[in-house]
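In: Task: produce atomic coordinates for the following.
(2 chains)
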2 protein chains.
Amino acid sequence: MKITCEKRELTQAIQTVLKAIPSRPQMPILSGIYIKASENTLELKATDYELSITCKIDANINEEGTIVLPGKYLYEVIRTLPGDYVEIKNNETDNSVNISSNAAQFNLLNMQATDFPIIEKLQGQINFTLKNNVFLNFIKKTSFACSTDESRPVFTGCLIDINNNNIVMAATNMHRLALIRENIGNLTNDNLKIIIPAKILNEFIHIFNSDIPEDVKISCTHNKISFSYENIYVISRLIEGQFPDYNRVIPKEFKTNVIINKSEFQSALDRVSLISRSEDYNIIHFEFIDDRVRISSDNPNIGKAEETIKVQIEGPGINISFNAKYIMDVLKAIENENFIFSFNQPLTTASIREENNSNFTYVVTPVRTKSM
Amino acid sequence: MKITCEKRELTQAIQTVLKAIPSRPQMPILSGIYIKASENTLELKATDYELSITCKIDANINEEGTIVLPGKYLYEVIRTLPGDYVEIKNNETDNSVNISSNAAQFNLLNMQATDFPIIEKLQGQINFTLKNNVFLNFIKKTSFACSTDESRPVFTGCLIDINNNNIVMAATNMHRLALIRENIGNLTNDNLKIIIPAKILNEFIHIFNSDIPEDVKISCTHNKISFSYENIYVISRLIEGQFPDYNRVIPKEFKTNVIINKSEFQSALDRVSLISRSEDYNIIHFEFIDDRVRISSDNPNIGKAEETIKVQIEGPGINISFNAKYIMDVLKAIENENFIFSFNQPLTTASIREENNSNFTYVVTPVRTKSM
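Out: Sure thing, here's the model as predicted:
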């Protein structure tokens, strides 16, 4: 193999596929990036079996071939090279690969390309396309609500539920649920219910980013899903199991609806939770009455905090307590100036929605406190 | 106690004294910041016995008094408060302190002020004054060369050696030595040899920072040192023990002197050490010959790297190897465009100096490699 390519493009491609290399690979070969040079294209691949990422870039191919280089070193080496172009050629005699740019020369040991797992293109039964900006918005509005507890896999992923061109994405850890739905015409004729690992979706926020909307082509089998996006191809496993029925979790109506300025509420909550956040449950109390909410917390070891802000309450006042993290997380995902906090009883689920956007719903269970 | 002060000033004062609060205080009271209000001044203190920091700010004192509040919480609370002014008043009835600003109210538990260690002003036998910019330059050019191994305390501090208005500051870990000297007229009539903990000197880089040169007033006893700077007063313990004779460590002359462009050399070294830095000794080889240096490294598990750059050699060529970290550290402390790398033999100490600045000297021991 002997090729020349742009350093910037190669760095970006390595950075993309590197996301499939775990910090402690199961086998040495899985710490490698597989690089194949043929027909003016350099194809880079990395996999940990659960996730495989392929990225293609243009290159000037003098001699075709295949190499496997240690991923993290390759990234560091290419990234720090001087100059705009990189030359890569393998040296059959000592089984090394020479990487050079200006006066800098590296010889990395070449791993056995035949040991590298074969990543075949997924031939899914169900295929559909989403715009990357739509898909990323879905991820940002839901994936934060997942659990990281691997002992209950269903809660570590986001559900995608497609039914008659209605697409729903949802995530829950059983204490809260985040859900976004949209009607996209001509999406697919098939119904679909799959759970994608949140860890992988969170990587997409960096991978599927572009200034102008581009298509993400999605294909599913019963246990795998693939994503094609520009020069990137990703295959991920799906999580097996039964996702909770989200329709049953969301209350049909609320007695009290409160319109709140997001940034004002966020700052107050941030301050008040300083006192509670070292405790296990990070409990914050909210007293909604008249035209204001009093936000407070107390910690027997440190002290107390409180702050009152103006809000707009429709319906009866209410005293209710939450884990502050569960409220802060959703506020970060909301973009509108105002949000609607809705309640029935101090011990029944409440909801947070964006003003003027009925597509997104967040449901959160309150905390029972001593005074209740 | 009842006071009002500027939030920005109070935040800065808390941040300054907080540096004396260790992450795991020996006693609960040492996690606190002592705050005394009297005569239009708020005095803040923190100590871990080894280091004590006092900072005074202006305040509007309605009622004098003394409180002790948990340092880290106090910092977080004050920093995140809304508004420009803070009101602090203690509540005798429940032994709490009320902190308020706009609509935000905190009640932090007050610790027992009488439990807080008394920090008396140091009455030193030797007193002198340095400009803060001179002192900070001394610290930056030497403290990085210290050891962090607490089992040999002498090497964890920087020596200050004053003799006939000549001041020398030096630090070593026995593999390298950094030294800066300056002649300051009217410094002091006394001779002095003390070792200050590097950990504390490194904090000064943030504390003694100002745009215009200001005086740092220094006072020493046999085992303590104090620093007065603007509104800040610091007392530190000194390290006891015998600092190595630095004059004997620095070679009197060199056979080979090489003038090198710092940034070019630094970039090349950075790249070449990618290959060696996962190894214990991070060994880099240098071949100085004709008008260039070939910088190289090899690691049997990863591969090899090399880069050649142009330099200006006076005297015979030399092959020599160093721990890359010991070279990179000093290059970060050097500000000149060029530096002078000087050698005698492959296994005797080499030196690095700034071009056009004879005050600073760095001495480093080479590494013996297989080929020697």
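In: Just give me the longest helix of chain A.
Out: Longest helix of chain A, by residue count under DSSP state H: helix A:262-276.
In: Show the secondary-structure elements that that one is packed against.
Out: For helix A:262-276, the packing partners by 3 or more CB pairs under 8 Å, 6 or more residues apart in numbering or on different chains; DSSP states H and E come out as strand A:283-289, strand A:292-299, strand A:303-310, helix A:324-333, strand A:338-343, helix B:71-80, strand B:104-109. For every residue, glycine as well, the C-beta is placed using N, CA and C.
In: can I get these in JSON lines with mean pLDDT?
Out: Shown next, in JSON lines, are these (pLDDT from 0 to 100):
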{"stretch": "strand A:283-289", "mean pLDDT": "97"}
{"stretch": "strand A:292-299", "mean pLDDT": "96"}
{"stretch": "strand A:303-310", "mean pLDDT": "95"}
{"stretch": "helix A:324-333", "mean pLDDT": "96"}
{"stretch": "strand A:338-343", "mean pLDDT": "98"}
{"stretch": "helix B:71-80", "mean pLDDT": "94"}
{"stretch": "strand B:104-109", "mean pLDDT": "94"}
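In: Switch these over to TSV; also include distance to residue A:237 and mean neighbour count.
Out: Below are the helices and strands packed on helix A:262-276 laid out as TSV (distance: least, CB to CB, whole Å; neighbours: other CB atoms under 10 Å in any protein chain shown):
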stretch	distance to residue A:237	mean neighbour count
strand A:283-289	37	20
strand A:292-299	41	20
strand A:303-310	44	20
helix A:324-333	26	18
strand A:338-343	35	22
helix B:71-80	41	20
strand B:104-109	47	22
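In: can you list the ones you listed in CSV and add distance to residue A:39?
Out: Listed next are the helices and strands packed on helix A:262-276 as CSV, based on distance: least, CB to CB, whole Å:
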stretch, distance to residue A:39
strand A:283-289, 60
strand A:292-299, 62
strand A:303-310, 62
helix A:324-333, 43
strand A:338-343, 52
helix B:71-80, 58
strand B:104-109, 64
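In: Of the ones you listed, which is nearest residue A:236?
Out: For residue A:236, the closest of the helices and strands packed on helix A:262-276 is helix A:324-333, at 22.2 Å, according to CB to CB.
In: how about the helices and strands packed on helix A:262-276, which one is nearest residue B:343?
Out: Closest to residue B:343 of these, according to CB to CB: helix B:71-80, at 49.4 Å.
In: Near chain B, which residues of chain A are found?
Out: Within chain A, the positions near chain B by CB under 8 Å from any CB of the partner chain are A:70, A:73, A:76-77, A:80-82, A:96-97, A:103-109, A:267-268, A:270-272, A:274-275, A:301-309.
In: make it 6 Å
Out: By CB under 6 Å from any CB of the partner chain, the part of chain A that sits against chain B consists of A:73, A:76-77, A:80, A:96, A:103-109, A:271, A:274, A:302-308.
In: what's the closest of the helices and strands packed on helix A:262-276 to residue B:255?
Out: Nearest to residue B:255 among the helices and strands packed on helix A:262-276 is helix B:71-80; the distance by CB to CB comes to 55.2 Å.
In: Just the strands from the stretch 51-200 of chain A, written as ranges.
Out: A:51-58, A:60-63, A:65-70, A:85-91, A:96-101, A:104-109, A:126-131, A:157-163, A:166-172, A:176-183, A:192-197 (DSSP state E, counting those that start in this stretch).
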